[in-house]
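*Asks:* From the sequence below, what's the structure:
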Amino acid sequence: MILFNILIILWVIISVKQILFWIYLWQLKEYHIPRFIDHFRTAKGKELLFNKLRILKIILLIFFSIQQSFLNILIFLYFIETVLFLRQIFKKSIKKPKFTKKSLFLFFICIIALALLLIMADSLAELLALDIIMPVIVTGIILSFEPAVIFARRKILKKATEIISQNKQLTVIGITGSYGKTTTKEFLTTILSSKYNVLCTKEHKNSEMGIAQTILQDLKPEHKIFIVEMGAYKKGGIKMLCDIVKPKIGIVTGVTVQHLSLFGNLDNLLSAEGGRELAKAIPDNGFIVVNGDNKYCLDLYKKININKKIYTEEGDKINSDIYAKEIEITKDNLCFVAMFKDKNIAHFNVNILGRHNLQNLLGAILVAKEMGISLDEISDAVKNIKAKQAGIILKRGINNLNIIDSSYSSNPDGVVADLETLKLFGGRKVIVMPCLIELGNQSVEEHFKIGQKIAEVCDLAIITTKDKLKDIKRGVADKCEVIFCDDPQEIFNKITTFCKEGDAVLLEGRVPIELIEMLNDK
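*Replies:* Numbers count the residues shown, from 1 in each chain. So this is what the prediction gives:
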């Protein structure tokens, strides 16, 4: 009886761990079913379902009879799992959801379900079976509440739409694209705030609910401008956001195949992230600004028949409304002269990292100029831009390493751009990154190109996921060392033994938080 009670306690601990993790994963994928399903096409996703521990449990369930030896084996197995779980808690590496009202509600319901299942179970085999199918149980609970969530969401969206419709003095700027949205939003907010009372969406809140919550919680009568970052994962997604916020001005920052697998095909992606839906929503007295250095944006610019503006890094590609000359890039500064179609010029000096942010700055500057801010005022305003707003930060790391932190997000164009930034540094150069996800049938080609760029820049590449490792290696073609490692401590050990003072390490995409903390100079 004592052993059985010990087993129950351990089973409950492991079940709570599973509940936390699966709610975390659903939240990470924004409770978006295609994104959740797409995760299981990755090596990490497959391992979640077919890892050695789960297979061992299935074997135990099938081949062992319900007797004392079976009980002892289960206790030993759950004890090891519990120790590992407690170790994660101690190291603060446990995967758990951000506790919002929704996630707390789901956790509470799952705990109730766990208690009921425990009461109903009358054998060790049933307990083990429940353990094995816990991901299905948690997912089923989450999906069962989706109709209620959808109903509540519609009420919130309707209320947010009404608030925007009633605020006739508010100018809404919508920003979409596959990359550069957040950075452009941050730059534009800083510039426009020098003259206007500006509200912008926060952090990753670029979905319909995040935008609606910003409207309901933060939008005040004194706000004159509302800058909205718009994200979508299906055709019609941007149109729905436009129906809520009714943008007068639009910006399309750039398009890649980053989310191709979610959209299903390129045409669907170009409709939403590619800016078509945003362009259709712009009224006659508004305008749209697009990135002329991106082939998809350039194609959009040529096809739409509305008031439109275009920005490019150089002036000889197209008749740009703004482009840059005398570009000077250092490790922590971007300096250039902006040339305008109306023959005006202005000098800009910004304390940010990365040449690719020049595009984001040009787009923000162009919109600000069109909204009546003088070039002198804009030039002064950009001096208030903080390094962290650029999405890539230079940090002084352990042993005086240069740590280039671009772990906010990642896409194929972003990886290449960040590697260009890495070129600015002397000494040995290292990149740490996972393989990219949601690229659909373009994944092999994009990872091969990333490998080619790594070979051009790096001395060492540490890849933290296995999905497209072979394609990266194929692109590298033995021109630099490429290894797979997903353990933060092992990665840290490799970097600190491989690098010396003054060398540079690029952290690209979702690398382990523990690694970032270890590399920071305490």
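
*Asks:* pLDDT weak spots in this structure?
*Replies:* 64-69, 521-522 (pLDDT under 70).

*Asks:* Residue ranges of each domain in it, please.
*Replies:* When the chain is parsed with automatic domain parsing, its domains come out as 2-144, 159-387, 392-519.

*Asks:* Phe4 contacts Leu71, correct?
*Replies:* Yes - between Phe4 and Leu71 a contact is recorded at 6.8 Å, counting by C-beta atoms under 8 Å. Placement of C-beta: from N, CA and C, glycine included.

*Asks:* So for those two, which sits in the more crowded spot?
*Replies:* Shown here are Phe4 and Leu71; by other C-beta atoms under 10 Å, Leu71 has more neighbours (16 against 12).

*Asks:* Specify the local secondary structure of the more buried one.
*Replies:* Classification of Leu71 using DSSP: H, G, I helix; E, B strand; the rest coil returns helix.

*Asks:* Now do the same contact list for it.
*Replies:* If you count contacts by C-beta atoms under 8 Å, 6 or more residues apart in numbering, Leu71 has them with Leu3, Phe4, Leu7, Leu124.

*Asks:* Could you report the distance from it to Gly231?
*Replies:* 50 Å (C-beta to C-beta, to the nearest Å).

*Asks:* same check, this time on Val444
*Replies:* According to C-beta to C-beta, Val444 and Gly231 sit 25 Å apart.

*Asks:* With Ile244 instead?
*Replies:* The span separating Ile244 from Gly231 equals 13 Å under the rule C-beta to C-beta.

*Asks:* unless I'm mixing things up, Thr201 is touching Glu186, no?
*Replies:* No - Thr201 is beyond contact range of Glu186, at 10.6 Å (criterion: C-beta under 8 Å).

*Asks:* Give me the more crowded residue out of the two.
*Replies:* Neighbour count, other C-beta under 10 Å: between Thr201 and Glu186, Thr201 has more, with 26 against 21.

*Asks:* phi, psi of the more buried one?
*Replies:* Main-chain dihedrals, Thr201, degrees, to the nearest 10: phi -70, psi 150.

*Asks:* surely Leu266 meets His259?
*Replies:* No - taking contacts as C-beta under 8 Å, Leu266 lies outside contact range of His259: 10.8 Å.

*Asks:* quick one, strands of the stretch 201-350 of the chain?
*Replies:* With DSSP state E, counting those that start in this stretch as the criterion, the stretch 201-350 of the chain has strands at 225-229, 249-252, 287-291, 308-311, 322-329, 334-340, 345-350.

*Asks:* where exactly do the helices run in the stretch 301-450 of the chain?
*Replies:* Applying DSSP state H, counting those that start in this stretch to the stretch 301-450 of the chain gives helices spanning 357-370, 375-381, 412-422, 443-457.

*Asks:* Looking at Leu266 and His259, which is more packed in?
*Replies:* The neighbour comparison of Leu266 against His259 (other C-beta under 10 Å) goes to His259, with 25 against 16.

*Asks:* From Tyr179, how far off is that one?
*Replies:* Separation of His259 from Tyr179 (C-beta to C-beta): 10 Å.

*Asks:* Next: Asp321.
*Replies:* Remark: distance between Asp321 and Tyr179 (C-beta to C-beta) = 21 Å.

*Asks:* So which of the two has more stuff around it?
*Replies:* Neighbours around Asp321 and Tyr179, counted as other C-beta under 10 Å, are more numerous at Tyr179. The numbers are 26 against 20.

*Asks:* phi, psi of the nearest residue to the more buried one once chain neighbours are set aside?
*Replies:* Spatial nearest neighbour of Tyr179, chain neighbours left out: Asn411 (4.8 Å); criterion: C-beta to C-beta, 6 or more residues apart in numbering. Per-residue torsions, Asn411: phi -150, psi 170 (degrees, to the nearest 10).

*Asks:* Val444 and Gly231: which is more packed in?
*Replies:* Using other C-beta under 10 Å, the more surrounded residue of Val444 and Gly231 is Gly231, with 25 against 13.

*Asks:* my read: that one touches Met209, true?
*Replies:* No - with contact taken as C-beta under 8 Å, Gly231 and Met209 are classed as non-touching, separated by 11.4 Å.

*Asks:* Tell me which residue lies nearest the centroid of this structure.
*Replies:* The centroid of the chain falls nearest to Ser409 when counting by C-alpha atoms, centre = their mean (4.2 Å).

*Asks:* how close does the spatially closest residue to it that is not a sequence neighbour sit to Glu446?
*Replies:* Leaving aside its chain neighbours, Ser409 sits nearest to Gly509 (7.0 Å; criterion: C-beta to C-beta, 6+ apart). Distance of Gly509 to Glu446, given as C-beta to C-beta: 13 Å.

*Asks:* now swap in Ile249 and tell me
*Replies:* Counting by C-beta to C-beta, the gap from Ile249 to Glu446 is 31 Å.

*Asks:* same deal with Asp342?
*Replies:* From Asp342 to Glu446 the distance is 39 Å (C-beta to C-beta).

*Asks:* And for Ile373?
*Replies:* From Ile373 across to Glu446, the span is 38 Å (C-beta to C-beta).

*Asks:* Between those two, tell me which one has more neighbours.
*Replies:* Shown here are Ile373 and Glu446; by other C-beta under 10 Å, Glu446 has more neighbours (26 against 18).

*Asks:* who touches the more buried one in this structure?
*Replies:* Val257, Pro412, Leu436, Leu439.

*Asks:* and if we set it to 10 Å?
*Replies:* For Glu446, the contact set (C-beta atoms under 10 Å, 6 or more residues apart in numbering) comprises 256-258, 260, 411-413, 415-416, 435-436, 439-440, 468, 471-472, 475.

*Asks:* for Lys466, phi and psi?
*Replies:* Backbone torsions of Lys466, given as degrees, to the nearest 10, read phi -100, psi -10.

*Asks:* Skipping its backbone neighbours, what lies nearest it in space?
*Replies:* Closest residue in space to Lys466, ignoring its immediate chain neighbours: Ala43 at 4.2 Å, by C-beta to C-beta, 6+ apart.

*Asks:* Isn't that neighbour up against Leu49?
*Replies:* No - if you go by C-beta atoms under 10 Å, Ala43 and Leu49 don't touch, sitting 11.5 Å apart.
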